[in-house]
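Student: structure here, sequence nowhere to be found:
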């Protein structure tokens, strides 16, 4: 479903499925909460493999954004496919989410932004 990379500055969550929906989102949310409780204030969610996202998927993304913001960190969404970008745009979330074209660029953004 997804894998997690941890390093001193951030945690990276790689979603490995084509559909980010109600079958995946609860597990993703709980993983995000655990990461934040472990002290990860900066999180990247990599959606390179994800072609579909529904409202529960968006909810998981917003949980990550809120957890990072509330702990003084930064959340970045990376490698967003066009269909998912459209949903984010229609939901008017593109103005509040940090979206990076690639995972590498998301890493660089967090490295520059973190102290």
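Tutor: Sure thing, it's come through. A quick note: this is a predicted structure, and the numbers were derived from the prediction, not measured.
Student: and residue 58, how far is that from residue 9?
Tutor: Distance, residue 58 to residue 9, using C-beta to C-beta, to the nearest Å: 26 Å. C-beta: built from backbone N, CA, C; applies to glycine.
Student: and the two? Which one has more around it.
Tutor: Comparing residue 58 with residue 9 by other C-beta atoms under 10 Å, the one with more neighbours is residue 58, at 18 against 15.
Student: confirm that one sits in a helix?
Tutor: Yes: under DSSP: H, G, I helix; E, B strand; the rest coil, residue 58 falls within a helix.
Student: I figured it hits residue 90, correct?
Tutor: No: using C-beta atoms under 8 Å, residue 58 is not in contact with residue 90, being 10.2 Å away.
Student: now the most centrally placed residue in the chain: how far from residue 111?
Tutor: Central residue of the chain (C-alpha atoms, centre = their mean): residue 45, 2.8 Å from the mean position. Remark: distance between residue 45 and residue 111 (C-beta to C-beta) = 17 Å.
Student: what's the helix or strand encompassing residue 29 packed up against?
Tutor: Applying DSSP states H and E as the criterion places residue 29 in helix 25-37. Contact here means 3 or more C-beta pairs under 8 Å, 6 or more residues apart in numbering; DSSP states H and E; on that basis helix 25-37 packs against strand 2-6, strand 11-15, strand 43-46, helix 55-70.
Student: at 6 Å instead, please
Tutor: Packed against helix 25-37 by the contact rule (3 or more C-beta pairs under 6 Å, 6 or more residues apart in numbering; DSSP states H and E) you find helix 55-70.
Student: how about the helix it packs on: buried residues?
Tutor: Going by neighbour count (16 or more other C-beta atoms under 10 Å), the buried part of helix 55-70 is 56, 57, 58, 60, 61, 62, 63, 64, 65, 67, 68.
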